[in-house]
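*Asks:* 3D model of this:
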Amino acid sequence: MTAAAHPTELWHRLDDGRVQCDVCPRACALKDGQRGLCFVRGAEDGAVVLYTYGRSSGFCIDPIEKKPLNHFLPGTPVLSFGTAGCNLTCRFCQNWDMSKSREMDTLAAEAAPAAIARVAAAHGCRSVAYTYNDPVIFLEYACDTADACRALGIKNVAVTAGYISPGAREQFFACMDAANVDLKGFTDDFYHKLCGAHLGPVLETLEYIRHETDVWLELTTLIIPGHNDSDAELARMAAWVVAHLGPDVPMHFSAFHPDYRMRDLPPTPPATLTRARQIAMAEGVRYAYTGNVHDGDGGSTWCHACGELLIERDWYRLGRWGLTADGRCGHCGTPCAGVFEAEPGHWGTRRLPLSPGVMAAAA
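*Replies:* Next up is the predicted model:
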């Protein structure tokens, strides 16, 4: 086994001698020396190994609202990091420089799980987010880091497309405290043509998170003009969320900008996001948000019972706080779904990149 390879357990041997990776529904069957579609998991010495363990494309402290999570420890800082590669092939990827990378030198920062936890604690981060590219493909690294974080009282956040297999699903989300899952569209045709995947496994993941775990769940849909922005599709999506996940799961509708292999489309008009939010609420979603645009109403949290402003947001900056110490509307007493503390954090809009030297010093 090469020095860069980290052993994994989520695989099995096929009758023809190949090994099959069991992390995601792609079920890549590999001969020695081959890599899976994600590029970071491959076959070596008759086993599946991970090549990005302990190596990151960078670390940054962000507001938790940027993930986006609006109902999980609002106003607090989160240490965010990712690696390289992805198990989807989204033509509209907004982080394609990392998620589509096939160059391991993209991973300039080396950090052991314990070092990440120590740096997060030293900077006052309440959580660590596994993001930028999908943490499903670096599951072992994410879970070991999550264990180290929990030992220091730090929460764990997954930002993922939810394209993960049973078995891996249970192992991964057992390590997480919150998740924002990209529900990219609501037709299998959209997933197949634009993401190289299928909708069904994502819906199964969402139902698993909501009903089989204590992980706080929020959803994000990037609204792409002409592809997933019809009233009918948005209504079907929101109705499914209410029926299968419940009305308290927040939905975020964010703006597409031309990138990667879809540079011929216009950016999403803000009015489209407002329409999506209104459709979701009409279908019974209690907390719906607009993202990647400046929209005070669409970015703020409102009481679903009386309409009172609960959490005012100006981009990622919090304003008026209308929740009681136990997370209820200060006007009518209705509980607001989420994970809240008596007072919000005060991290604000700051973005603090961390140099590789910071991690090296914590090793």
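
*Asks:* which residue, other than its chain neighbours, is closest to Gly330?
*Replies:* Closest residue in space to Gly330, ignoring its immediate chain neighbours: Gly322 at 4.9 Å, by C-beta to C-beta, 6 or more residues apart in numbering. In this view, the C-beta of every residue, glycine as well, is placed from N, C-alpha and C.

*Asks:* need the pLDDT of the one you found.
*Replies:* Reading off the per-residue confidence, Gly322 sits at a pLDDT of 98.

*Asks:* and for it, the neighbour number?
*Replies:* As a burial measure, Gly322 scores 18 neighbours (other C-beta atoms under 10 Å).

*Asks:* tell me who's in contact with it.
*Replies:* Contacts for Gly322 were tallied using C-beta atoms under 8 Å, 6 or more residues apart in numbering; they are 303, 308-311, 329-331.

*Asks:* what about 6 Å?
*Replies:* Taking C-beta atoms under 6 Å, 6 or more residues apart in numbering as the contact definition, Gly322 lies against 308-310, 330.

*Asks:* where does pLDDT dip in the stretch 201-350 of the chain?
*Replies:* Where the stretch 201-350 of the chain drops to pLDDT under 70, the residues are 260-262.

*Asks:* let's go with 80 and repeat that
*Replies:* Low-confidence segments of the stretch 201-350 of the chain (pLDDT under 80): 258-263.

*Asks:* need the helices for it, in chain order.
*Replies:* With DSSP state H, counting those that start in this stretch, the ranges of helices along the stretch 201-350 of the chain come out as 231-244, 270-282, 296-299.

*Asks:* which strand in this protein runs the most residues?
*Replies:* Using DSSP state E to assign secondary structure, the strand with the most residues in the chain is strand 216-223.

*Asks:* top of the contacts of Gly322 by number of neighbours, please.
*Replies:* Leu310 (28 neighbours).

*Asks:* list the contacts for that residue?
*Replies:* The neighbourhood of Leu310, defined by C-beta under 6 Å, 6+ apart, consists of 301, 303, 322-323, 336.

*Asks:* show me what the longest strand of the chain packs onto, helices and strands only.
*Replies:* The criterion is 3 or more C-beta pairs under 6 Å, 6 or more residues apart in numbering; DSSP states H and E, and the helices and strands that strand 216-223 contacts are strand 178-182, strand 251-255.

*Asks:* so which bits of the first one are buried?
*Replies:* Okay, so that is strand 178-182. By neighbour count with 16 or more other C-beta atoms under 10 Å, strand 178-182 contains the buried residues 178-182.

*Asks:* ok, those residues vs Thr205, which is closest?
*Replies:* Closest approach between these and Thr205, by C-beta to C-beta: Val181, at 6.9 Å.

*Asks:* outline the domain layout of the protein.
*Replies:* Per the record, the chain has its domains at 6-50, 55-354, by automatic domain parsing.

*Asks:* got a pLDDT number for Met1?
*Replies:* The confidence metric pLDDT takes the value 63 at Met1.

*Asks:* how many other residues sit next to Leu10?
*Replies:* The burial count assigned to Leu10 is 20, neighbours taken as other C-beta under 10 Å.

*Asks:* hmm, it is touching Ala168, no?
*Replies:* Yes. At 5.2 Å, Leu10 counts as touching Ala168 under the criterion of C-beta atoms under 6 Å.

*Asks:* overlap in contacts, the two.
*Replies:* Any residue near both Leu10 and Ala168 by C-beta under 6 Å, 6+ apart counts here, and that gives Val23.

*Asks:* give me every residue that touches Arg320.
*Replies:* Arg320 touches 309, 312, counting by C-beta under 6 Å, 6+ apart.

*Asks:* buried deepest among the domains of the chain, which one?
*Replies:* Ranked by mean neighbour count, those are led by domain 55-354 with a mean of 19 (mean count of other C-beta atoms under 10 Å).
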